[in-house]
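Undergrad: okay, sequence plus prediction incoming.
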Amino acid sequence: MKYKETTDYSFLLDGNYYVYDHKEDMETLHIFIKSRQNKCRCPKCGMESRKLHATYKRTLQDTPIRCKQTFLHANVYKYECLNPGCDCRVFTEELPFAKASQVRTDALNTLVLGVSMFLSNEGASKVLGLLGIQISNDTIQRLYDRIEFIDNPDVEEVGIDDVAIRKGQTYATAIYDLKDHHLIALLDGREGEPLKNWLERHKKIRLVARDRASAYAAAISAVLPDCVQVADRFHLLQNLLEHLKDIFKEELPAKIFIRDGNVLDQEPEKVPQIKKPDDAFLDSLHYDNTPPRNPDNTEMTYDNKKHDLSSEQYRAQARSRKKNRP
Ligand SMILES: [Zn+2]
């Protein structure tokens, strides 16, 4: 089969791939792509091969376009490794946007994780569904479970902070590489012991920016006595404000009464101030409270939930209205 290159949706791909067809309906968009290359390096021995073995199709869900569920159908080559010393016979061309086992592109996985960060998995699954991404809450959880932190044993400057996994219940200790602030480790709990164990394996650290937790300070001093510990401005200010609040709470009464610019010793007596209605003003309004009349001078009646206006209840209400009138 000969593939004809088109320019449709070509903006999605880099120069190594081209779109040869696309199909769409109300809900979905299918984009068919192919690699331009006809050679590939063996992942085992690194030798380049041009010997095609077979082709097969990979279907990947991608970030949605115009809220349509979008799929990339990639025609992928399989090559034969021609190195007689290599035990890999056949290998598959890799796609730069999705590893061999993935059914979603890296871009889509990033979007899913980004949205679910602020929602429950179930909520995220619904919101993503509206955007054109079909993903179950279980799959979102699996994506989360698969996230790994790549530790760097040679790291020299780190930031350490406690984070809440579930507020008030489960805490963890997050360790960042200060160079680019990416997470390199997430330790269980916020006590000093797990941190000590971690520091034992990272003896090159010479600077730690940490929060105010004394457990961290003690752990760092115990394992790396020469390490410089920095408390960041946020935590210093937080510390200071908390102390100031405690002092104010102790020194100041809960309520302070001020009258005419003077602080009173005790709560002043409340004197109600009642304003008498201005009768002259009310009379000047000439408010007509009589019911409206029909052209034949009969009283206009209005629909009422209760139509029996001559009932005892209504008459009693009318009497009390009359009585209360000033
Ligand atoms: Zn090989």
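TA: Yep, it's here.
Undergrad: could you use CA atoms for every contact and neighbour count after this?
TA: OK.
Undergrad: quick one: residue 104 and residue 26, what's the gap?
TA: With the distance defined as CA to CA, to the nearest Å, residue 104 ends up 21 Å from residue 26.
Undergrad: more neighbours, these two?
TA: A count of neighbours by other CA atoms under 10 Å puts residue 104 above the other of residue 104 and residue 26, at 19 against 7.
Undergrad: you'd agree that one is up against residue 64?
TA: No. If you go by CA atoms under 8 Å, residue 104 and residue 64 don't touch, sitting 11.4 Å apart.
Undergrad: on the pLDDT front, check the nearest residue to residue 38 once chain neighbours are set aside for me.
TA: In this structure, residue 38 finds its nearest non-sequential neighbour in residue 50, 6.2 Å apart by CA to CA, 6 or more residues apart in numbering. With respect to pLDDT, residue 50 scores 91.
Undergrad: burial count for residue 38?
TA: 12.
Undergrad: pretty sure residue 174 is in a helix, no?
TA: No. Under the criterion used here (DSSP: H, G, I helix; E, B strand; the rest coil), residue 174 is strand, not part of a helix.
Undergrad: wait, doesn't it sit right on residue 187?
TA: Yes. Contact criterion CA under 8 Å: residue 174 and residue 187 qualify, at 6.5 Å.
Undergrad: looking at these two, which is more packed in?
TA: Neighbour comparison, residue 174 and residue 187: the larger count goes to residue 174, with 20 against 15 (by other CA under 10 Å).
Undergrad: for that one, list the residues it contacts.
TA: Counting by CA atoms under 8 Å, 6 or more residues apart in numbering, residue 174 touches 160-163, 183, 185-187.
Undergrad: residue 186 now?
TA: Residue 186 touches 149, 172-175, counting by CA under 8 Å, 6+ apart.
Undergrad: quick one: low-confidence parts of this structure?
TA: Applying pLDDT under 70 to the chain picks out residues 1, 212-213, 303-307, 326.
Undergrad: mind giving me the domain ranges of this structure?
TA: Annotated domains of the chain cover 10-103, 109-145, 148-274, 279-324 [automatic domain parsing].
Undergrad: nearest to residue 209 among the contacts of residue 186?
TA: Comparing the contacts of residue 186 against residue 209 with CA to CA places residue 175 closest, at 9.8 Å.
Undergrad: quick one: the residue nearest to residue 38 and residue 79 touch, right?
TA: Yes. Using CA under 8 Å, residue 50 makes contact with residue 79 at a distance of 7.0 Å.
Undergrad: so between those two, which is more surrounded?
TA: Taking other CA under 10 Å, residue 50 and residue 79 do not tie; residue 79 has more neighbours (24 against 15).
Undergrad: would that one count as being in a strand?
TA: Yes. Remark: residue 79 belongs to a strand, assigned using three-state DSSP.
Undergrad: tally of neighbours for residue 121?
TA: There are 21 residues near residue 121, going by other CA under 10 Å.
Undergrad: and the contacts of residue 186, which are buried?
TA: 172-175 (16 or more other CA atoms under 10 Å).
Undergrad: show me which helix runs longest in the protein.
TA: Secondary structure assigned by DSSP state H gives helix 233-251 as the longest helix of the chain.
Undergrad: by contact count, what packs against it?
TA: Contacts defined by 3 or more CA pairs under 8 Å, 6 or more residues apart in numbering; DSSP states H and E place helix 233-251 against no helix or strand at all.
Undergrad: for whatever helix or strand comes next after that helix, the distance to its chain's centre please.
TA: Beyond helix 233-251 on the C-terminal side, the first helix or strand identified by DSSP states H and E is strand 258-259. Relative to its chain's centre, strand 258-259 lies at 48 Å (CA atoms, centre = their mean, to the nearest Å).
Undergrad: and strand 258-259, which strands flank it?
TA: Paired strands of strand 258-259, with direction, are strand 262-263 (antiparallel) (DSSP bridges).
Undergrad: what packs against the helix or strand just after the strand it pairs with?
TA: Later in the chain than strand 262-263, the nearest helix or strand by DSSP H and E is helix 279-284. Packing partners of helix 279-284 (3+ CA pairs under 8 Å, 6+ apart): none among the helices and strands.
Undergrad: follow-up on the earlier one: so which of the contacts of residue 186 comes closest to residue 201?
TA: Proximity of the contacts of residue 186 to residue 201 (CA to CA) peaks at residue 175, which lies at 13.4 Å.
Undergrad: show me what contacts the nearest residue to the closest one once chain neighbours are set aside?
TA: Leaving aside its sequence neighbours, residue 175 sits nearest to residue 160 (CA to CA, 6+ apart; 4.7 Å). Applying CA under 8 Å, 6+ apart to residue 160 gives the contacts 173-176, 208-211.
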